[in-house]
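Visitor: Sequence and predicted structure, then a few things I'm wondering about:
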Amino acid sequence: MSEQIGVIGLGAMGAIFARHLMAGGYGVVGYDANPDQMASLQNMGMTAATSPKDVSDQAEIIISSLPSAAAVDAVISGQDGILQSKALANVLVETSTLKISDKIGFHEAMAAGGKSFLDTPISGTPPMVENKTSSLYVSGDKAAYERCVHVLEAFTGANDYVGEVGNGMKMKILANYLVAVHTVAAAECMVFGMKAGLDPKMIHQVLPKGAGGSTMLQVRGEYMANSDYRYEDGTIFNVIRKDLSIISEYAAELNAPIHQLAAARQTFNSAVALGLDQLELAAVCRAVETAAGVERDMVE
């Protein structure tokens, strides 16, 4: 029988984790509060659990991808949560982006229940996760990480152990700072080039190869070049606003200057004010175009 891996939260990221794990030969026991999220994965061979406790009873290693600290708390400490399971060997690999203090609190709760917790935020867009080019920043008990590393390799491009619980989120905060700044920089560069008379598709083809290239210029630059920002989940601007708040609050605690992020945040606000927040985050380019007086049709 193949090793059973639990996945809790089967949304934009979690569903991809589950598919990669099944493709890698693992059995997957999945749970989502929305039964509709489980249906298509069941057709692919996933076992649908009835609760986080049910997942914990069937799988030692559990991966969670959840939208908020409240959701993670319910999964761990709720009436049918992981801590209600008598299986003491559970390791929870928590991939969400939350406050550092939240992650430390969840680690303490799991430890009090005799279970292990890894603060393991993921860095990458859904297409990057689909292509297995995303990264995990893993923090917590190193022995627990070593138990899980073969599973992590099944759904990511890279995973790095970065020390004690909380360090994973610190690394993710740095990564999200760069994602935000580089996305806006890519948009401004694209519009700058168009105003100079260059074809945006040529800009995207050429610039990422040089010293100024970045992952965001490569990945989100393609959306910008094509003026195609369709995004079926329609929640990415909500995610970036949450992430920017976490970064800003933590930087304030440390008195760390984040001038570039503050400027980028205003451009994201402009995109939301223009009603672009149901599109892919690259639609921030449209806000820059509007400010620059550039008119392009968007792919509908």
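Guide: Received it, and whenever you're ready, just let me know what you need. Residues are numbered from 1 along each chain as shown.
Visitor: Low-confidence bits of the stretch 151-300 of the chain, can you list those?
Guide: For the stretch 151-300 of the chain, the stretches with pLDDT under 70 are 233-234.
Visitor: Which residue ranges of it form helices?
Guide: 167-195, 200-206, 215-226, 236-254, 259-273, 284-292 (DSSP state H, counting those that start in this stretch).
Visitor: next one: phi and psi at Asp119?
Guide: phi -80, psi 110 (degrees, to the nearest 10).
Visitor: Spell out the residue ranges of the strands in the stretch 51-200 of the chain.
Guide: Secondary structure of the stretch 51-200 of the chain, counting by DSSP state E, counting those that start in this stretch: strands at 61-64, 91-94, 116-119, 122-123, 135-138, 158-161.
Visitor: Can you add distance to Phe268 and give these back as JSON lines?
Guide: Where you see a C-beta, it was placed from the backbone N, CA and C, and this is true even at glycine. Formatted as JSON lines, those follow (distance: least, C-beta to C-beta, whole Å):
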{"stretch": "strand 61-64", "distance to Phe268": "27"}
{"stretch": "strand 91-94", "distance to Phe268": "26"}
{"stretch": "strand 116-119", "distance to Phe268": "26"}
{"stretch": "strand 122-123", "distance to Phe268": "18"}
{"stretch": "strand 135-138", "distance to Phe268": "23"}
{"stretch": "strand 158-161", "distance to Phe268": "27"}
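Visitor: right, and the ones you listed - which one's nearest Val179?
Guide: strand 122-123 (7.7 Å; C-beta to C-beta).
Visitor: any idea of the pLDDT on Gly78?
Guide: Note on Gly78: pLDDT of 96.
Visitor: any idea how the chain splits into domains?
Guide: Listed domain ranges for the chain are 4-164, 170-292 (source: automatic domain parsing).
Visitor: From the chain's centroid, how far away is the longest one?
Guide: Computed by C-alpha atoms, centre = their mean, to the nearest Å, the separation of domain 4-164 from the middle of its chain amounts to 12 Å.
Visitor: next one: the last one
Guide: On the basis of C-alpha atoms, centre = their mean, domain 170-292 sits 16 Å off its chain's mean C-alpha point.
Visitor: Quick one: end-to-end distance for that domain.
Guide: 35 Å (C-alpha to C-alpha, to the nearest Å).
Visitor: start the count at 387, not 1, going forward
Guide: Okay, residue one is now 387; in that scheme the one you just asked about reads as domain 556-678.
Visitor: Mind checking the helices of the stretch 537-686 of the chain for the one nearest to Lys518?
Guide: Across these, closest to Lys518 is helix 601-612 (C-beta to C-beta), at 13.8 Å.
Visitor: what's in contact with that closest one?
Guide: Here helix 601-612 makes contact (C-beta atoms under 8 Å, 6 or more residues apart in numbering) with 511, 513-514, 564-565, 568-569, 571-573, 575-576, 586-587, 589-590, 593-594, 615, 666-669, 671, 685.
Visitor: how about the helices of the stretch 537-686 of the chain in JSON lines, adding distance to Cys534 and mean neighbour count?
Guide: What follows is these, written out as JSON lines (distance: least, C-beta to C-beta, whole Å; neighbours: other C-beta atoms under 10 Å):
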{"stretch": "helix 553-581", "distance to Cys534": "13", "mean neighbour count": "21"}
{"stretch": "helix 586-592", "distance to Cys534": "37", "mean neighbour count": "16"}
{"stretch": "helix 601-612", "distance to Cys534": "25", "mean neighbour count": "22"}
{"stretch": "helix 622-640", "distance to Cys534": "24", "mean neighbour count": "16"}
{"stretch": "helix 645-659", "distance to Cys534": "32", "mean neighbour count": "16"}
{"stretch": "helix 670-678", "distance to Cys534": "35", "mean neighbour count": "21"}
